[in-house]
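S.K.: no FASTA, just this:
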């Protein structure tokens, strides 16, 4: 499988990747999207259980802090590990 950054950027579903991509400065200064605020601080300590991003996600639920989401294929060659996206 070949990973194509442009394809990922155009079709990303996960909020964290969206936040990172939106944070990239625009050359012309125009940003058509509102930035996504990530809460908390970046930590070297990965949570022992639950989703690795639950402490930074604005959409996290109690279940996110207890159970690690399975990696699911949403569409061909596009996988995510997020309960909120799997429910869509």
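M.R.: Right, received. Where do you want to start? Small disclaimer: the values here were computed from a predicted structure and weren't measured.
S.K.: wait, what's in contact with residue 79?
M.R.: Shown in contact with residue 79 (C-beta atoms under 8 Å, 6 or more residues apart in numbering): 71-73. Placement of C-beta: from N, CA and C, glycine included.
S.K.: nearest to residue 38, of those residues?
M.R.: Taking C-beta to C-beta as the measure, residue 38 lies nearest residue 71 of these, at 21.4 Å.
S.K.: and the gap between the nearest residue to the closest one once chain neighbours are set aside and residue 60?
M.R.: Here the nearest residue to residue 71 in space, its sequence neighbours aside, is residue 81; by C-beta to C-beta, 6 or more residues apart in numbering that works out to 4.6 Å. Note on residue 81: its distance to residue 60, by C-beta to C-beta, to the nearest Å, is 13 Å.
S.K.: mutual contacts of these two, please.
M.R.: residue 51.
S.K.: the helices in this structure, which residues?
M.R.: Ranges of helices in the chain, per DSSP state H, are 5-11, 15-22, 62-66, 83-86.
S.K.: tell me where the model's unsure across this structure.
M.R.: Counting by pLDDT under 70, the chain has low-confidence residues at 1-13, 32-33, 42, 86-88.
S.K.: what about the residue of the chain positioned farthest from its centre, distance to residue 22?
M.R.: Distance from the centre of the chain peaks at residue 28, with 25.6 Å (C-alpha atoms, centre = their mean). With distances taken as C-beta to C-beta, residue 28 is found 15 Å from residue 22.
S.K.: centroid residue for the chain?
M.R.: Central residue of the chain (C-alpha atoms, centre = their mean): residue 16, at 2.8 Å.
S.K.: how about that residue, nearest residue that isn't a chain neighbour?
M.R.: The shortest distance from residue 16 to any residue other than its chain neighbours is 5.5 Å, reached at residue 53 (C-beta to C-beta, 6+ apart).
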